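# Show me how the following folds:
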Amino acid sequence: MRNMALWLLLPLLLLLAYNFFQSGREVVENIHYNPDFVNLVESKKIRRCEVMTELSGAQFIRGELTDLHPKTGRPRQFKTDIVVTDNLSSWLIKNGVPFAFNRQRLDLWQILQNVLPFILVIGFIYFLIIRQVRSVGHGALSFGKSRARLLARDRNKVTFTEVAGVEEAKEEVEEIVEFLKDPKKFQTLGGRMPKGVLLMGPPGSGKTLLAKAIAGEADVPFFSISGSDFVEMFVGVGASRVRDMFEQGKKNAPCIIFIDEIDAVGRSRFSGIGGGHDEREQTLNALLVEMDGFETQAGVIIIAATNRPDVLDPALLRPGRFDRRIVIDLPILEGREEILKIHARKVTLGKDADLKRLARGTSGFSGADLANLINEAALLASHEGKKAVAMVDLEEARDKVRWGRERRSRVLDEETKRLTAYHESGHALILQLVEKSEPVHKITIIPRGTAYLGATMQLPEKDRYTESLIKLKSTLCGLMGGRAAEVLVFNDITTGAGNDLKQATQLARLMVCNWGMSAALGPQTFGVQEELLFLGREVVRSQDFSEETSRRIDVEVAALLKEAYQRALSLLQQNRDKLDLIAHILLERETLDGRDIEEIAKHGRLLTDAERAAAGENSPAAENAPAAEGVPPPQETMRP
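Okay, here's the model as predicted:
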């Protein structure tokens, strides 16, 4: 295409150069034979002339005048059409005009000058058409070609050392890479290479990153494509692209083909109107045949990623197609710490940066969230002109990612600010007083995001996968602490506890319906719920119990909530002085850490530095408290 453009441009430049040089020559003036030419001859103003005969037989006279051109200083030129007669020669001789008879020759340059513009226009149009055709799928005939991209080995810098928090998944895919490098090691006992690996997990958990690491480690060709690249508006195109993709894979075997978001093309087939002629189903059928059909060839491994394995066709998931299904879940505490360390390599951390403590406060964060957290902390430190990212920047970035940015521009009136302070103080004090509660990390009354006026944050120390009844009741009591403080201090209730009540109601219903923690209803579950796997959104919940049982469930939920509220109110009444002190200090500082709250709850006041040194408290109590990370209940209590 580039050579064609040069060949079209070269004649154009020559034509422009010719016209430029020709523009400096004298312009021929067309005059009439009678009376202009006759008057010029009789007035002796013609220097010389030629009687020219054209190829067609027509004749004309051209020549030079005795007058000079005012710009060039050369004789002016003229041209006139005539009908030659026998008297012309004698008449010119009589008036002393030198003349000659000549025949016009074929001027190829003149012909080229006239034809070349049309050639250039046609060539330019042809160039545009060819370019447009080739840009659409690299040619009209390649519309059904695969769009899989071969990843260059020198451009992919991701390896297994940059993947953390998914150790079991890494072990399984490392085995595949090792199989590709040394297949005889596994074939000794009759083993064969897995044909397909399905990576399943929530968004941001590292599925695509793990695939990039496989590409960086495996010394074989690596093709990558998205599931949406197969499906087009034209029927049959997707199936053609699947066949072409596997054809490329067989030519480069052994190789790996990575299909991201395979649920776009691998959804379950259905019967109904148009079911058998759907483009998506034809594409899926082609994929099934290529992965495990009569002409299947070894050496092509399919790695696919999805966060919707529940919608995939069962025929796609069976062994022989996807032999391995690897679950990549959200990272646990140790995994979060390792992920933070990997992303922290790119930034300069301060000496006080404690990634382990930061990992404890990021329960529920995915790998993408943690990467964003480190980036936000670096931006905050850069904005303030710091040379390193301090712990305060990391914690502020965590709060920003979880709840939103501080909105100090939202100025609260004194009444609202005091109400918020008592509300958050009620949460914090209750969580310090009840048993088996997560330790409080900090409380704040600085508005964040679009809805939160304050926050109470708990900092777990380890992962926990089961919860006890005592722990859950303590969590309910902590959620009711804000509403109880409002009633106790202001003798009124506000909408500020709306989010707390919502979380408490959901938790109480889970305790009754899912975990069998109701003494009246006994150890049984109620209702069958179906969710989007790895997305955590309930789609369908069927009721498999009577209306009377439903009423009893509501009664039990209400009883749990009422019990938690009465307990919170009673504890605050017994510790009213501590509640007032926490709220008073919170109004002054706007933020309190867990150590201050623990000191007030235990001693009724803040300890001096000497008293803390004597007690051996060199760090916030939240760091050393025997905390646990509860999965079902919320870790933060937010007040909208």
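# Please count neighbours and contacts with C-alpha atoms only from this point.
Fine.
# Just the buried positions in the strand or helix carrying Gln77, please.
Using DSSP states H and E, Gln77 maps to strand 75-81. For strand 75-81, a neighbour-count test (16 or more other CA atoms under 10 Å) marks Pro75, Arg76, Gln77, Phe78, Lys79, Thr80, Asp81 as buried.
# With stretch 40-49 instead?
Buried residues in stretch 40-49 (16+ other CA under 10 Å): Val41, Ile46, Arg47, Arg48, Cys49.
# Can you list the residue ranges for helices in the stretch 151-300 of the chain?
Under the criterion DSSP state H, counting those that start in this stretch, helices of the stretch 151-300 of the chain are mapped to 167-181, 183-187, 207-217, 237-251, 279-291.
# ok, of the ones you listed, where does mean pLDDT dip lowest?
For these, mean pLDDT drops lowest on helix 183-187, to a mean of 78.
# contact partners of it?
With contact meaning CA atoms under 8 Å, 6 or more residues apart in numbering, helix 183-187 is reached by Phe179, Arg192, Met193.
# switch to 6 Å and redo it
By CA atoms under 6 Å, 6 or more residues apart in numbering, no surrounding residue is in contact with helix 183-187.
# list the buried ones in that helix?
By neighbour count with 16+ other CA under 10 Å, helix 183-187 contains no buried residues.
# For that helix, what is the distance to the chain centroid?
Put simply, helix 183-187 sits 39 Å off its chain's centre (CA atoms, centre = their mean, to the nearest Å).
# For that helix, list the C-alpha coordinates in CSV.
What follows is helix 183-187, C-alpha atoms only, in CSV (Å, rounded to 0.1, in the frame of the first residue of the first chain):
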residue,chain,number,x,y,z
PRO,A,183,6.1,-33.5,28.2
LYS,A,184,8.0,-36.7,28.6
LYS,A,185,8.2,-36.2,32.4
PHE,A,186,4.4,-36.6,32.6
GLN,A,187,3.9,-39.1,29.8
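# where do the strands sit along the stretch 251-400 of the chain?
Using DSSP state E, counting those that start in this stretch, the strands of the stretch 251-400 of the chain run over residues 255-260, 300-306, 324-327.
# tell me what the first one is packed against?
Put plainly, it is strand 255-260. In terms of contacts (3 or more CA pairs under 6 Å, 6 or more residues apart in numbering; DSSP states H and E), strand 255-260 is packed against strand 222-226, strand 300-306.
# likewise the longest one?
Judged by 3+ CA pairs under 6 Å, 6+ apart, strand 300-306 is in contact with strand 196-200, strand 255-260.
# swap the cut-off to 10 Å and go again
Applying 3 or more CA pairs under 10 Å, 6 or more residues apart in numbering; DSSP states H and E, one finds that strand 300-306 makes contact with helix 167-181, strand 196-200, helix 207-217, strand 222-226, helix 237-251, strand 255-260, helix 279-291, strand 324-327.
# quick one: the first one to chain centroid distance?
If I follow you right, that is helix 167-181. Mean-position distance between helix 167-181 and its chain equals 27 Å (CA atoms, centre = their mean).
# the bottom helix or strand of this structure by mean pLDDT?
Least confident helix or strand, the chain: helix 621-624 with a mean of 38, by mean pLDDT, DSSP states H and E.
# Contact partners for Arg48?
By CA atoms under 10 Å, 6 or more residues apart in numbering, the residues touching Arg48 are Val41, Arg62, Gly63, Glu64, Leu65, Thr66, Gln77, Gly96, Val97, Pro98, Phe99, Ala100.
# what about the stretch 101-250 of the chain, any weak spots by pLDDT?
106-110, 112-113, 128, 130-144, 146, 152-156, 232-235 (pLDDT under 70).
# ok, Lys400 to Val434 distance?
According to CA to CA, to the nearest Å, Lys400 and Val434 sit 29 Å apart.
# Over to Met193?
Distance of Met193 to Val434, computed by CA to CA: 55 Å.
# on that earlier part again, so for Glu338, which of the helices and strands packed on strand 300-306 sits nearest?
Across the helices and strands packed on strand 300-306, Glu338 has its closest neighbour in helix 167-181 (10.8 Å, CA to CA).
# who touches the closest one?
By CA under 10 Å, 6+ apart, the residues outside helix 167-181 that reach it are 160, 163-164, 182-183, 185-187, 192-194, 197, 199, 207, 210-211, 213-215, 217-220, 254-256, 299, 301, 303, 324-329, 331, 335.
# Quick check: chain neighbours aside, which residue is closest to Arg324?
Spatial nearest neighbour of Arg324, excluding adjacent residues (CA to CA, 6 or more residues apart in numbering): Val197 at 4.8 Å.
# Dump the helices and strands packed on strand 300-306 to TSV, plus distance to Lys502.
Shown next, in TSV, are those (distance: least, CA to CA, whole Å):
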stretch	distance to Lys502
helix 167-181	36
strand 196-200	31
helix 207-217	33
strand 222-226	39
helix 237-251	46
strand 255-260	37
helix 279-291	41
strand 324-327	31
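# any chance of the ones you listed in a markdown table, plus distance to Thr549 and mean neighbour count?
Listed next are those as a markdown table, based on distance: least, CA to CA, whole Å; neighbours: other CA atoms under 10 Å:
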| stretch | distance to Thr549 | mean neighbour count |
| --- | --- | --- |
| helix 167-181 | 43 | 16 |
| strand 196-200 | 37 | 24 |
| helix 207-217 | 43 | 23 |
| strand 222-226 | 48 | 21 |
| helix 237-251 | 51 | 20 |
| strand 255-260 | 45 | 24 |
| helix 279-291 | 44 | 21 |
| strand 324-327 | 37 | 19 |
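# Which one of these lies nearest to Glu395?
Nearest to Glu395, of all these, is helix 207-217, at 25.7 Å by CA to CA.
# and the angle from the closest one to strand 196-200?
Relative orientation of helix 207-217 versus strand 196-200 (axes from the mean of the first three to the mean of the last three CA atoms, to 10 degrees): 140 degrees.
# now for helix 207-217, which elements pack on it?
By 3+ CA pairs under 10 Å, 6+ apart, helix 207-217 packs against helix 167-181, strand 196-200, strand 222-226, strand 255-260, strand 300-306.
# how about 8 Å then?
helix 167-181, strand 300-306 (3 or more CA pairs under 8 Å, 6 or more residues apart in numbering; DSSP states H and E).
# Model confidence for the residue lying closest to Leu607 once chain neighbours are set aside, exactly?
Leaving aside its chain neighbours, Leu607 sits nearest to Glu599 (6.7 Å; criterion: CA to CA, 6+ apart). We have a pLDDT of 88 for Glu599.
# List the residues that contact Glu599.
Glu599 makes contact with Arg605, Leu606, Leu607, according to CA under 8 Å, 6+ apart.
# Count the residues that sit near the last one.
Pointing back at Leu607 there. Neighbour count of Leu607, defined by other CA atoms under 10 Å: 15.
# now it: how far from Ala613?
Where Ala613 is concerned, Leu607 sits at a distance of 10 Å (CA to CA).
# re earlier: can you list which of the contacts of Arg48 are found in strands?
Counted as lying in strands by DSSP state E, out of the contacts of Arg48, are Arg62, Gly63, Glu64, Leu65, Thr66, Gln77, Phe99, Ala100.
# Mind putting those residues into TSV with pLDDT and distance to Gln574?
Shown next, in TSV, are those (pLDDT from 0 to 100; distance: CA to CA, whole Å):
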residue	pLDDT	distance to Gln574
Arg62	86	124
Gly63	88	124
Glu64	87	124
Leu65	85	125
Thr66	80	126
Gln77	86	120
Phe99	85	133
Ala100	86	132
